[in-house]
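A.B. asks: A predicted structure for the sequence below; I have some questions about it.
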Amino acid sequence: GPHPKAWEYILVEYETRPGITVENIQQVRSVYDQHKERWELHLVCKNEIETPDAPGTETAGIDLGISNFAAVAYSTEDADLYPGNRLKQDGYYFPKEIATCDDAGGNRATNLQKKWSERRTHFFHSLAKHIVERCVENGVGRINIGDLEGVREDEDGSSKNWGKHGNLDLHGWAFDRFTSILEYKAKGEGIKIVEVDERDTSKACCVCGRTDENQRVERGLYVCESCDAAFNADVNGAENIRFELNQSNSESAPDLGGDRSTGWLAQPAVYLHDLSHGFSPREQVVDCKP
């Protein structure tokens, strides 16, 4: 209320380990650990780190979506896809298991919710780590990522309808959370993150620039009727998102309509998430049930 009462607060005294200094506290949380059967005090502190020099001057574009959680296109003519299969599997498995619990607030339901949240957070951290590592390999200094409003809304500002399963999946995906994790990990490597308007990035051909509502077809294939280019639709979106960045980066400006190789756009590398090893090439991942 407007006049806090003494009984609304708990006075806590704590002692840190030798050599540990607690500064710039942002948040204090009291958390009950069910396994240890005790309360713990979690201190969240802000730690400023020195930003290193960028790995290079190349650029990358990231398109967030439903079937593929992330598609990444690099100015080095490389492209990667990160399917959201693991998130989808968890998104169907855990709600069904939770629904079988007699008590929605009981231990089993709570543990399932916690496990689901931890697995999703693990996915985001693993994905951000892998993308940043690939950016370092490719000498990327700036990453362009589609504005999150474009993921959720149509051009008129109304909520975007992805279909029955798409909306279910989208509501379970924390795009904001992933982007914040990516920004943090990228900053540690001196890589800048820039959000750009992704309007028409899925409709325009990244080779010739023609925009046509009918150019995107089924099964993830994008076919341009103007230049006859055919390539992965999500990679096309990521490459168009990267172009937005390159308009302000003279060292790797886009060359729409030029003689560009398109083979890499049609055959991106595909990485799947493994709970034990993070992201690995698709042929190296052995899937398993939750």
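C.D. replies: Received it, and whenever you're ready, just let me know what you need.
A.B. asks: can you give me the helices in this structure?
C.D. replies: All helices of the chain, identified by DSSP state H, fall at 85-99, 107-137, 148-152, 164-171, 175-187, 233-246, 263-266.
A.B. asks: and the direction of the longest one versus that of helix 85-99, what angle?
C.D. replies: When you say that, I think you mean helix 107-137. Angle of helix 107-137 versus helix 85-99, following axes from the mean of the first three to the mean of the last three Cα atoms, to 10 degrees, is 170 degrees.
A.B. asks: just the fifth one next, same as before
C.D. replies: Inter-element angle recorded for helix 175-187 and helix 85-99: 140 degrees (by the same axes, to 10 degrees).
A.B. asks: rewinding a little: Throw the helices of the chain into a markdown table and include mean neighbour count, mean pLDDT and distance to K203, thanks.
C.D. replies: C-betas here are computed from N, CA, C, even on glycine. Listed next are those as a markdown table, based on neighbours: other Cβ atoms under 10 Å; pLDDT from 0 to 100; distance: least, Cβ to Cβ, whole Å:
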| stretch | mean neighbour count | mean pLDDT | distance to K203 |
| --- | --- | --- | --- |
| helix 85-99 | 16 | 90 | 25 |
| helix 107-137 | 17 | 94 | 25 |
| helix 148-152 | 16 | 59 | 12 |
| helix 164-171 | 14 | 48 | 18 |
| helix 175-187 | 18 | 91 | 21 |
| helix 233-246 | 27 | 85 | 9 |
| helix 263-266 | 16 | 85 | 16 |
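A.B. asks: To S276, which of those helices lies closest?
C.D. replies: Ranking these by distance to S276, with Cβ to Cβ as the measure, places helix 107-137 first at 10.6 Å.
A.B. asks: Which elements pack onto that closest one?
C.D. replies: In terms of contacts (3 or more Cβ pairs under 8 Å, 6 or more residues apart in numbering; DSSP states H and E), helix 107-137 is packed against strand 68-74, strand 78-83, helix 85-99, helix 175-187, strand 269-274, strand 278-281.
A.B. asks: now the ones you listed in a markdown table, with distance to V136?
C.D. replies: A markdown table is the format used below for the helices and strands packed on helix 107-137 (distance: least, Cβ to Cβ, whole Å):
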| stretch | distance to V136 |
| --- | --- |
| strand 68-74 | 12 |
| strand 78-83 | 13 |
| helix 85-99 | 24 |
| helix 175-187 | 10 |
| strand 269-274 | 16 |
| strand 278-281 | 15 |
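A.B. asks: I'd like to know which of these is closest to Q26.
C.D. replies: So among these, helix 175-187 is nearest, using Cβ to Cβ, at 13.8 Å.
A.B. asks: Would you tell me which of the helices of the chain gets closest to N47?
C.D. replies: Closest of the helices of the chain to N47 is helix 175-187, at 10.9 Å (criterion: Cβ to Cβ).
A.B. asks: Can you give the contact residues for that closest one?
C.D. replies: Residues from elsewhere that reach helix 175-187, judged by Cβ atoms under 8 Å, 6 or more residues apart in numbering: 49, 51, 62, 64, 121, 124-125, 127-129, 131-132, 135, 143, 145, 148, 151-152, 192-193, 195.
A.B. asks: What of stretch 117-127?
C.D. replies: Contacts to stretch 117-127, defined as Cβ under 8 Å, 6+ apart, come from residues 69-70, 82, 86-87, 90, 172, 174, 177-178, 181, 273, 275, 278-279, 290.
A.B. asks: Now flag whichever of these is closest to S30.
C.D. replies: Proximity of the contacts of stretch 117-127 to S30 (Cβ to Cβ) peaks at R177, which lies at 22.5 Å.
A.B. asks: And the closest one, how far from L64?
C.D. replies: Shown here: R177 relative to L64, a distance of 12 Å by Cβ to Cβ, to the nearest Å.
A.B. asks: Equivalent analysis for S202, please.
C.D. replies: 12 Å.
A.B. asks: If you count surrounding residues, which of these two has more?
C.D. replies: Taking neighbours as other Cβ atoms under 10 Å, S202 and L64 compare with L64 leading, 25 against 21.
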